[in-house]
Every structure is written in C-alpha cells, then in structure tokens.
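>>> Give me a model of this one.
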Amino acid sequence: MTRDNDTDLQDFSILDSIPHGYMALEKDRIVYMNRTLRSIFGDRYELLSELVERFPEVAFFEAQTSDEQAARWVDLDGSLFRIRRFNAGNKDIIFFLPGRFLAESDSDLANLQQAYDDFVEIFQNSFDGIYVADGQGKTLWINEGFERCYGLSARNFIGRNATELERQGYIKPLITWKVITTKKRTTELQQTKSGRHVLATGIPLFDNEGEVRKVIINSRDTTELLELKARLDDAEQELEKYESELARLRVESIPGGDIVWEGQPMQKVIDLAHRVAEFDTTLLVTGESGVGKEVIAKFIHARSPRNNQPFMQINCGAIPGDLLESELFGHEEGAFTGASRKGKKGLFELADHGTLFLDEVGELPLELQVKLLRALQDQKFTRVGGTEEIETDFRIIAATNRELRELVEKGQFREDLFYRLSVVPIEVPPLRERPEDVIGLSFHFLNFYNEKYGFDKKLSADAMDIFVHYNWRGNVRELKNLIERLIVTCPDDVITATRLPDDVTASVSPSHTQQSEIREGELKLDKLKSMVGEYEARLIKEAVDHFGSIRKTASATGISESTIKRKLKSANAP
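Sure, this is the predicted structure:
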C-alpha cells in the first residue's frame, strides 16, 4: 500500500465482491466501507461518530485502538459478527466476519451462534416489552413487545437517548434515567402516547467499578387489566347497593302490607304495638311459626319515628354461624377466604338510624350472643377482622318461636341477653285461638290472589266453616298458602268444601251429632253469614270513603251502584 489515499481506496475496492465486512478509518473519518457493510448499515457514513449514533452496538470502535487485538461479537440487524481491528499504516482496518462462516469449523462457535440465535428469538417473541439502554441512556435494543406497548418503531429509536421517548410523548414518566441515577430497581405505572397504561420495571446492570453499564426495562400493558378492575369495582359497588336493597326486602310481608284482624286477642297485640312504636325500647316478639311476627315488627317500624329509615331483617337460623357474624357486623378486607376485597358493611351499619329485625334470635350461636349483647348495650361493635369500633344508632326488634326461658335453663341462651332483648315482650297468639281473624284473612288473601292471577273466585259458606274450625298449625302462613293453592287449582268460580285438601277436611270432621244435623239440614250458618256480610259491608264503606261517592266506587270496583247501596243499608240497619 502507498500513502496515497486514492491508491488505497482503489486497492480496497476489490473488497466489494466478498461477503465479509471491511471498513477503513482515519481517526474519526470513514474512508472506505465495502458493499457488505453498506448493505448492513443501510448507507455510506463519512464519520465514525455518525455511525455510532445510528448503531450504538459498535460504540466500542470509538474507544478501541488498533493495539487492542481482542475480537468482539456484535449483533447487527439480527446477524452475529466477529469484529477485529488492525492497523494498516495511517489507517485502521476493521474486519467483520459473519458468524456463519466459522460455525462449520468451530463447534464452540456453533454452540455460541445457536445460543445467540435462541436468545434473539426469545427476546423478540417475549410478550412483555423489553428495552435495553447503556449507562448513558442510549437506546440499544427494543423488542416487538415494547413497540406494541408504546406504539413506536424500534428502527426510529435505536441509538437515540431514552429522553427522546419522553420528549416525544411516547412514555411518561421515563424511568431509564431514574434507574441510572439511583442505581436501584424502579417500578412505575406509565401512560403511553395513545393513552394506554403500562407497568414498567427498570433493572440496572453494573460493571466492575459499580457503575451502571446497562438498563433493562420490562414493560407490561395493563390497560385491559385496569379496565377490568374498574368494571369489577363498579360491579362490587352495584352488588353492595343491591345487597343493601335486598336486605330491606328480606321480610316477606302479608300481601297488601296491612295487618288484618277482627278479634280481641289480636286487638290487644295491636294496641301494645301502637304504644311501644314511638319509643326505642328493645322488643321481643314471640309466637308460633307463621303467626306474623315479622309483620308486627314492620307494623311497629312503620309507626315509629324511624319510619323513613332502613328496616333491615335477618333470619338468624337460616345462615351458618361462621357467616352470620359477618352478615351482622360486616368484615374488613381479607378477613377470611372469599371476603370482599374492599370489606363489607354489616346489617348493624346498614340499619343506622333505622330498625334491625332479628328473626329466630333463639338460633344465635353462644359466641355471637356475647358480641350482640355488647352491641345492644353500647351501640358499638367491630367488624370481623377489624380493630376500629363503629358506633351506630339502631333499634332492635327480635323474634323467636322458641321458649327462650327454657333455652336459658339449658345453657343454650345467655340469661343477660334474654333480659336485654325482652324489655317489652309481645306475644302473637296462634290463628286457632283467633277464629274471628280467619274470615277477614281469608277474604284478604282471596282478593289479593284473584287480582294477581286475574280470577274472580269465591269461597262457599261450607268451605269457610271448615276454615274457621281448622287447627291451622302453620297459622297465617298456612292459610295464605292454602288460599293461593285453591285459587290456581280449583276449576270452579266457587271454591266449595269438596275442593279442600283431605287433611284439612278430615281434621275438622264434626261429631256424630253434628253429622246428623248436617245430614238433616239442621246446621245453621247464620252467625257465619252475618260475619261475612259485616265484613263485606265494612270493606264497601271504606271504599266509598276512599273514592268519595257511590258512583266513583262502582266505577273503580266493578260493583253495581244498587249492590253498594244495599250493602251500605244493611250495614247501617239496627
């Protein structure tokens, strides 16, 4: 070689025909680059600094001298090259040998090439975004996952400083420089230019002097996860609202919402309920199953100063003991397996300023009775899994069909809780002890289910007579269910005694004397008919009072004006 640059370049031109890469340098100036390298780098560069800025993988060229003969392995555009630098007079020659040319003759190199290819494939196919920068923040590698997360092209950012990503709005906040300056692992929730949310974690890699030589950023698009979480939060809020509303409706009231009674036994209960309604006294409603204890509780709440506040109800015997405490007092986040992530309010909180009805209170487990007693005494409690005391203002109405005194004697119910609950006991008599109410309730349910199912069915006198004398072990609930059953199953417009279930008719079979009287037609139902007539007249009078005139009442009810006048006349007759 001569010292004439043109001669040197002419000599180098023969290198355009070989597959290896050759580059000639004079300090920072690139005086020659053969066709192989020009195809790899995509252009002809005049200065080494320009090439390094575009391809930071070869940045070591700027620091390496021709005296440093150690070979370096570099990835260029997905291909692995072994690079060495030599001195050639006033120039340095950099030689690029493709790894594939050594693989056949060098087994170690073949293994290295395979390991490298595997790494590149893993890197590019990682679902998470991976970004690699050097210790000065210069972008070295970007995989397809990173391009997808942030909506950018790796080709446009390789070799550029990471600050460009933030300056152009692709990433906010940038964590690359935070990792470099703090030398610590950093995690941030980032927002991309397209408005997506990405969870990014930056990890520093150190050199022998403890300085950051590389930064690896791992990114995962959490947009869909956050949207799913938002929908889940909305669903939980809706569920909590629905649970609160459902809790108000847990009491199954008698159709029509009012208490129906005629006789003196029930009148005493109503009078007592009226007197205690305006006070916050704790009440214990007792009576057999189905007598209407829950209806009495609602009756009291509706006439109390708390009537515009929640009426919450729970059946203490219908929920397992391990869940009952959570239902009553609520729980904190993660209090037990399956607990709501945000915790949950209990009925004592939901009943704040209102009334809490504890049905079947005799079924409460002993361990819960202690906590209930304290809540009653102090109006304070703690949630399951919590430590903070919650203070609420509520009224307690308890109910049971069991004899609590006997449970106290057996050690199954706390005596102090019994006295705390039964400040004012209200006993609802069974239906068999108030036959006068059977007629009114029968017509009440008959009208309700006729309207519900679109019928106009009636009860015959002999069927009503059996109702009055039947034992009604299930009380009002049994009467209500039987009326509905007869309405939907009886094909006739008039429900006679022959349509009643056998177990009902058999239980009220008359004595031999009564059977004889029935056969001879001597049984008189005057009293029963009189009671039915009086009840009908009272209902019509209330309707006239409500609508304001006989004509409007006839139009609203479908009953003729003459019938209304006749019924009113019979009601006013001495």
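
>>> Identify the residues contacting the host helix or strand of Arg220?
Using DSSP states H and E, Arg220 sits in strand 212-221. With contacts defined as C-beta atoms under 8 Å, 6 or more residues apart in numbering, strand 212-221 is touched by 128-135, 137, 140, 145-146, 148-150, 175-176, 179-180, 183, 190, 196-207. All C-beta atoms are positioned from the backbone trio N, CA, C, and that covers glycine.

>>> Could I get the contacting residues of Ile396?
Neighbours of Ile396 in contact, by C-beta under 8 Å, 6+ apart: Thr282, Leu283, Thr355, Leu356, Leu358, Leu376, Leu421.

>>> Apply 7 Å and report the result again.
Ile396 sits next to Thr282, Leu356, Leu358, Leu376 when contact means C-beta atoms under 7 Å, 6 or more residues apart in numbering.

>>> Just checking: what are the partner strands of whichever strand or helix holds it?
Assigned by DSSP H and E, Ile396 falls within strand 395-400. In the sheet, strand 395-400 lines up against strand 283-286 (parallel), strand 355-359 (parallel) (DSSP bridges).

>>> about what we covered before: list the buried residues for the strand holding Arg220?
Val212, Lys214, Val215, Ile216, Ile217, Asn218, Ser219, Asp221 (16 or more other C-beta atoms under 10 Å).

>>> how far away is Leu25 from Arg44?
14 Å (C-beta to C-beta, to the nearest Å).

>>> just to revisit the earlier point, tell me the helix or strand right after the strand holding Ile396.
helix 404-409.

>>> residue ranges with poor pLDDT in the stretch 151-300 of the chain?
Scanning the stretch 151-300 of the chain for pLDDT under 70 picks out the ranges 240-258.

>>> That one: strands as residue ranges?
In the stretch 151-300 of the chain, the strands defined using DSSP state E, counting those that start in this stretch lie at 171-172, 186-192, 197-206, 212-221, 283-286.

>>> Of all these, which one comes closest to Tyr32?
strand 212-221 (31.6 Å; C-beta to C-beta).

>>> Local confidence estimate at Leu431?
As predicted, Leu431 sits at a pLDDT of 92.

>>> same deal with Arg82?
At Arg82, pLDDT is 80.

>>> Tell me if I'm right that it and Leu76 touch.
No - in this structure, Arg82 is not within contact of Leu76 by C-beta atoms under 7 Å, at 11.3 Å.

>>> Quick one: mean pLDDT over the strand holding Ile396.
95.

>>> Check the gap between Thr284 and His274 for me.
One correction, residue 284 is Leu, not Thr. 17 Å.

>>> for Ala88, that is, sorry about that
115 Å.

>>> Repeat that for Glu209.
Applying C-beta to C-beta to Glu209 and His274 gives a distance of 90 Å.

>>> And for Thr496?
39 Å.

>>> who has more neighbours, these two?
Neighbour tally, Thr496 and His274, criterion other C-beta atoms under 10 Å: the higher count belongs to Thr496, 15 against 12.

>>> Could I get the contacting residues of that one?
Applying C-beta under 7 Å, 6+ apart, the residues near Thr496 are Ser460, Asp462, Ala463.

>>> in the protein, which residue is closest to the centre?
Per C-alpha atoms, centre = their mean, the C-alpha nearest to the average position across the chain is that of Glu236, at 3.0 Å.

>>> Neighbours of the closest residue in space to Ala463 that isn't next to it in sequence, how many?
Distance criterion C-beta to C-beta, 6 or more residues apart in numbering; nearest residue to Ala463, sequence neighbours excluded, is Ala497 at 4.8 Å. Using other C-beta under 10 Å, Ala497 is surrounded by 17 other residues.

>>> Wait, Ala497 touches Val468, no?
No - the pair Ala497 / Val468 is not scored as a contact, 11.9 Å apart, by C-beta under 7 Å.

>>> do you know how far the residue nearest to the centre of the chain is from Ile314?
Distance from Glu236 to Ile314, by C-beta to C-beta: 21 Å.

>>> list the buried ones in the host helix or strand of Arg485?
Per DSSP H and E, Arg485 falls inside helix 475-489. In terms of neighbour count (16+ other C-beta under 10 Å), helix 475-489 has its buried residues at Asn475, Val476, Arg477, Glu478, Leu479, Lys480, Leu482, Ile483, Glu484, Leu486, Ile487.

>>> Assign the spatially closest residue to the last one that is not a sequence neighbour to helix, strand or coil.
So that's Ile487. Computed as C-beta to C-beta, 6+ apart, the closest residue to Ile487 that is not its neighbour in sequence is Tyr449, at 4.4 Å. Reduced to three states with DSSP: H, G, I helix; E, B strand; the rest coil, the structure at Tyr449 is helix.

>>> Contacts only, for Tyr449.
With C-beta under 7 Å, 6+ apart, Tyr449 has these contacts: Ile483, Glu484, Ile487.

>>> By mean pLDDT, point me to the weakest helix or strand of this structure.
helix 512-519 (a mean of 40; mean pLDDT, DSSP states H and E).

>>> Strand partners (parallel or antiparallel) of the strand holding Arg220?
Applying DSSP bridges, one finds strand 212-221 paired with strand 129-134 (antiparallel), strand 197-206 (antiparallel).

>>> what's the longest one in contact with?
When contacts are taken as C-beta under 7 Å, 6+ apart, the neighbours of strand 197-206 outside the stretch itself are 149, 175-176, 179, 183, 185-192, 212-223, 226.

>>> quick one: buried residues of it?
Quick answer for strand 197-206 (16+ other C-beta under 10 Å): His197, Val198, Leu199, Ala200, Thr201, Gly202, Pro204.

>>> Then stretch 321-334?
Leu324, Glu325, Ser326, Glu327, Leu328, Phe329, Gly330, His331, Glu332.

>>> nearest to Pro98, of the residues you listed?
Using C-beta to C-beta, those come closest to Pro98 at Glu332, 64.3 Å.

>>> Need the buried residues of helix 475-489 in CSV (columns: distance to Gly290 and pLDDT).
Formatted as CSV, those follow (distance: C-beta to C-beta, whole Å; pLDDT from 0 to 100):
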residue, distance to Gly290, pLDDT
Asn475, 4, 93
Val476, 6, 92
Arg477, 3, 92
Glu478, 6, 93
Leu479, 9, 94
Lys480, 9, 93
Leu482, 12, 95
Ile483, 14, 94
Glu484, 14, 94
Leu486, 18, 94
Ile487, 19, 93
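
>>> Make CSV out of those and add distance to Val291.
Below are the buried residues of helix 475-489 laid out as CSV (distance: C-beta to C-beta, whole Å):
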residue, distance to Val291
Asn475, 5
Val476, 6
Arg477, 8
Glu478, 10
Leu479, 11
Lys480, 12
Leu482, 16
Ile483, 17
Glu484, 18
Leu486, 21
Ile487, 22
